[in-house]
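A.B. asks: One predicted model, sequence on top.
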Amino acid sequence: MIALGIESTAHTFGVGIADDAGRILANVNEVFRTEKGGMKPLEVTEHHYRVAREVLLRAVEEGGVGFKDIDLVGFSRGPGLGSTLLVGAIAARTLAKKLDIPLVGVNHAIAHIEIGRLVARAQDPLIVFVSGGNTQIMVNSGRAFRIIGETLDIGLGNALDKLGRRLGLPFPSGRIMDDIKGEWIPLPYTVKGMDLAFSGIVTEAIRRYESGTKVEDVVWSFLEVTFAMLVEASERALAYTKKKELLLVGGVAASPRLREKMEIMCEDRGVELKVTPPEYSRDNGAMIAYTSILCYRIHGPLKFEESGIKPRWRADDVDWPLLPLPSLDDA
């Protein structure tokens with residue numbers, strides 16, 4: 001089976017192609033960027049409409065397949081921005097209808113997890129999912145993902161972008177912040193068991209900047225504190241679950257400093273750290289394509305009349321047993 005997947009939850013419009021042996025045949029993505037002002041829903045939606053056809057054609061060319069070879073179309077159904085989700089949903093419905101093939105709607109968070117499990121070869125890990133709108137610590141119960149810790153306000157990725165916007169950094173700002181070095185300044189540290197909160201540290205970091213603290217010191221300290229918070233909550237979750245693998249997924253997982261901190265903690269606990277490579281940790285079409293195949297196996301096709309988007313769709317709202325990973329010999 002060959003699946004084409006469309007990602008459009010936020011700043012990325014992506015199209016990927018994958019098969020049921022776990023091979024990623026194509027992964028083409030266009031990211032909305034601005035020099036200042038962050039991500040405005042109208043502008044990013046227009047961006048997705050503008051690039052959708054080109055990205056789709058490039059993915060088919062990169063994958064070395066024709067439209068007639070595609071057996072299944074999947075799309076990010078949620079969570080995400082409603083207007084950008086609609087772009088992907090409309091494109092997927094149109095293509096499935098034209099090709100007369102099944103349609104499936106994929107949960108964006110589960111897609112991050114499943115592409116991570118595939119490429120990092122993680123069997124049944126503790127999952128730390130860190131993206132723009134989400135910061136969640138999860139395990140799979142055998143029937144679904146269970147969230148055992150999460151942000152109580154905003155996701156870490158959104159916190160980074162909110163600070164970056166006030167500091168005048170281009171969007172997305174996370175990759176730029178990773179390269180900034182500074183000196184330590186004290187900032188709020190909020191961990192409540194396995195839950196976290198980021199609004200307070202964003203407010204204080206902006207206050208320190210507006211009071212004259214160097215941008216470099218604000219950014220460096222912000223990353224050090226927020227990443228340490230996440231590592232503490234993750235270590236507590238490992239102690240609770242007794243998992244021997246930790247899988248780090250989501251766009252913020254691409255940060256070298258976060259990976260370094262997680263690796264130190266996991267080594268101390270005798271836990272194997274598995275990290276999704278940057279090309280698959282950030283939003284991308286390949287993760288939707290691969291997870292579409294799993295979704296089809298678990299839930300079957302999605303009826304067109306029931307294919308509405310779900311902007312607030314949580315991973316723990318989906319029945320999702322862990323299926324065996326494809327054999328490397330098959331791939």
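C.D. replies: Yes, it's here.

A.B. asks: Show me how this structure divides into domains.
C.D. replies: Under the assignment automatic domain parsing, the domains of the chain span 2-111+281-317, 124-277.

A.B. asks: and Ala18, which of the three is it?
C.D. replies: For Ala18, the assignment made with DSSP: H, G, I helix; E, B strand; the rest coil gives strand.

A.B. asks: measure it to Leu126 for me?
C.D. replies: Applying C-beta to C-beta, to the nearest Å, the value for Ala18 to Leu126 is 25 Å. No exception for glycine: its C-beta is placed from N, CA and C like everyone else's.

A.B. asks: Looking at the two, which is more packed in?
C.D. replies: The neighbour count for Ala18 versus Leu126, taken as other C-beta atoms under 10 Å, is higher for Ala18 (30 against 25).

A.B. asks: what's the helix or strand for Pro321?
C.D. replies: Per DSSP states H and E: Pro321 is located in neither a helix nor a strand.

A.B. asks: residues in contact with it?
C.D. replies: Asn140, Gly142, Arg143, Ala144, Ile298 (C-beta atoms under 8 Å, 6 or more residues apart in numbering).

A.B. asks: how about 10 Å then?
C.D. replies: Asn140, Ser141, Gly142, Arg143, Ala144, Leu294, Ile298 (C-beta atoms under 10 Å, 6 or more residues apart in numbering).

A.B. asks: For the fifth one, give me the pLDDT.
C.D. replies: The confidence metric pLDDT takes the value 97 at Ala144.

A.B. asks: That one is in contact with Asp317, isn't it?
C.D. replies: Yes. Judged on C-beta atoms under 10 Å, Ala144 makes contact with Asp317 at a distance of 8.4 Å.

A.B. asks: about what we covered before: highest average neighbour count across the domains of the chain?
C.D. replies: The highest mean neighbour count among the domains of the chain, using mean count of other C-beta atoms under 10 Å, belongs to domain 2-111+281-317: a mean of 21.

A.B. asks: Ok, which of the domains of the chain comes nearest Leu118?
C.D. replies: Taking C-beta to C-beta, domain 2-111+281-317 is the member of the domains of the chain nearest to Leu118, at 5.5 Å.

A.B. asks: and the closest one, how far from the chain's centre?
C.D. replies: 13 Å (C-alpha atoms, centre = their mean, to the nearest Å).

A.B. asks: What mean pLDDT does it get?
C.D. replies: Averaged over domain 2-111+281-317, pLDDT sits at 96.

A.B. asks: Quick one: end-to-end distance for that domain.
C.D. replies: Terminal residues of domain 2-111+281-317 lie 27 Å apart, using C-alpha to C-alpha, to the nearest Å.

A.B. asks: Same check on stretch 23-39?
C.D. replies: Termini of stretch 23-39 sit 32 Å apart (C-alpha to C-alpha).

A.B. asks: With stretch 120-129 instead?
C.D. replies: Across stretch 120-129, the terminal residues are separated by 14 Å (C-alpha to C-alpha).

A.B. asks: ditto for stretch 143-162
C.D. replies: 36 Å.

A.B. asks: go on, stretch 309-326?
C.D. replies: Stretch 309-326 has its terminal residues 29 Å apart, counting by C-alpha to C-alpha.

A.B. asks: Relative to Leu156, how far out is the residue nearest in space to the middle of the chain?
C.D. replies: By C-alpha atoms, centre = their mean, the chain has its centre lying nearest to Gly250, at 3.4 Å. Note on Gly250: its distance to Leu156, by C-beta to C-beta, is 9 Å.

A.B. asks: Touching both of these two, which residues are there?
C.D. replies: Here Gly250 and Leu156 share the contacting residues Val130, Ser131, Gly132, Gly133, Asn134, Thr135, scored by C-beta under 10 Å, 6+ apart.

A.B. asks: for these, which one is nearest Thr34?
C.D. replies: Distance to Thr34 across the shared contacts of Gly250 and Leu156 (C-beta to C-beta) is lowest for Gly132, with 14.8 Å.

A.B. asks: The closest one in helix, strand or coil?
C.D. replies: Gly132 ends up coil, using three-state DSSP.

A.B. asks: residues in contact with it?
C.D. replies: With contact taken as C-beta under 10 Å, 6+ apart, Gly132 is in contact with 9-11, 39, 80-81, 154-161, 172, 174, 250-252, 283.

A.B. asks: Please go through the chain and pick out the longest helix.
C.D. replies: In the chain, assigned by DSSP state H, the helix with the most residues is helix 215-241.

A.B. asks: Tell me how far it lies from the chain's centre.
C.D. replies: Here helix 215-241 is found 18 Å from its chain centre; the criterion is C-alpha atoms, centre = their mean.

A.B. asks: Do you have the strands of this protein handy? List them.
C.D. replies: For the chain, applying DSSP state E gives strands covering 2-7, 12-19, 24-31, 72-78, 103-107, 126-130, 135-140, 145-150, 191-192, 195-196, 245-249, 272-275.

A.B. asks: Could I get those in a markdown table, plus columns for distance to Glu216?
C.D. replies: Formatted as a markdown table, those follow (distance: least, C-beta to C-beta, whole Å):
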| stretch | distance to Glu216 |
| --- | --- |
| strand 2-7 | 33 |
| strand 12-19 | 28 |
| strand 24-31 | 25 |
| strand 72-78 | 36 |
| strand 103-107 | 38 |
| strand 126-130 | 23 |
| strand 135-140 | 25 |
| strand 145-150 | 30 |
| strand 191-192 | 25 |
| strand 195-196 | 24 |
| strand 245-249 | 26 |
| strand 272-275 | 26 |
